[in-house]
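Novice: Below are the sequence and a predicted model for it; my questions follow.
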Amino acid sequence: MKEDIMSNTNTAIKSLSKTEFNSYFENIYNEHIDQLYRFSLFRVSDKEKAIDIVQDVFFKYFKYLTDSLENKNEIIFNHKAFLFKTTRNTIIDHYRKKQTQSLDDLLESGYEYSSDEDVSHNTSVDIDYKKLVKSLKDLDLDSQELVYMRYVDNMSLNEISEITGQKENTLSVKIHRILEKLKQRHEKHY
């Protein structure tokens with residue numbers, strides 16, 4: 001059954017004209033660009049670097065798609081999982097190459113996470129937001145990533161499983177433990 005679907009999808013994609021292929025790519029790009037940008041910004045805390053990372057991810061994705069037309073690569077069935085895995089790996093490569101400061105070091109030096117959107121005009125909500133960001137930044141990067149995917153991007157456990165390669169039950173337990181840890185830290189410090 002899966003082989004039939006793969007064969008049909010492979011044939012369908014290969015039969016696309018150049019214009020149809022570009023439209024296919026553009027639709028996937030438009031569907032995922034905002035999520036990947038937010039995910040990258042969350043991880044690198046720099047707008048320009050996040051843009052560069054997402055641009056690099058879509059370049060890799062386009063190259064992978066064109067290579068798959070020439071039978072060099074397998075057809076992608078879950079574009080979201082592929083794009084997030086590529087983004088995660090690109091961010092890891094970015095930190096390896098640049099040897100930049102860790103997020104903890106940046107926070108300690110006074111750097112605060114900012115987003116394009118105004119978080120709140122209400123001072124108490126703004127303070128709570130800063131406390132939450134601080135608590136999240138105290139977590140290891142894998143935990144931050146799981147919380148982000150689950151609660152910021154509203155991904156299902158199945159989607160997160162496909163991206164991380166971990167079982168859904170394992171993810172559910174990890175996320176529950178992370179939330180408990182955040183709750184305990186919040187109660188202790190605030």
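Specialist: Arrived safely.

Novice: Grab the nearest non-local neighbour of the residue nearest the centre of the chain.
Specialist: In the chain, the centroid-proximal residue (Cα atoms, centre = their mean) is F39; its distance is 4.1 Å. Sequence neighbours aside, T87 is the residue nearest to F39 in space, at 6.0 Å (criterion: Cβ to Cβ, 6 or more residues apart in numbering). No exception for glycine: its C-beta is placed from N, CA and C like everyone else's.

Novice: Look up how far Y151 lies from that neighbour.
Specialist: 18 Å (Cβ to Cβ, to the nearest Å).

Novice: Which one of those two is surrounded by more residues?
Specialist: T87 (26 against 11; other Cβ atoms under 10 Å).

Novice: Pretty sure that one sits against Q55.
Specialist: No. Applying Cβ atoms under 8 Å as the test, T87 and Q55 come out as separate, 11.2 Å apart.

Novice: Can you give me the buried ones in the helix or strand containing V147?
Specialist: Assigned by DSSP states H and E, V147 belongs to helix 141-147. Buried residues in helix 141-147, counted by 16 or more other Cβ atoms under 10 Å: 143-147.

Novice: what do you get for stretch 44-60?
Specialist: So for stretch 44-60, counting by 16+ other Cβ under 10 Å, buried means 44-45, 49-50, 53-54, 56-58, 60.

Novice: Likewise for stretch 32-44?
Specialist: Buried-residue list, stretch 32-44, by 16+ other Cβ under 10 Å: 32, 35-44.

Novice: how far does the helix or strand where the residue nearest to the centre of the chain lies sit from the chain's center?
Specialist: Using DSSP H and E, F39 sits in helix 18-44. How far helix 18-44 lies from its chain's middle: 12 Å, per Cα atoms, centre = their mean, to the nearest Å.
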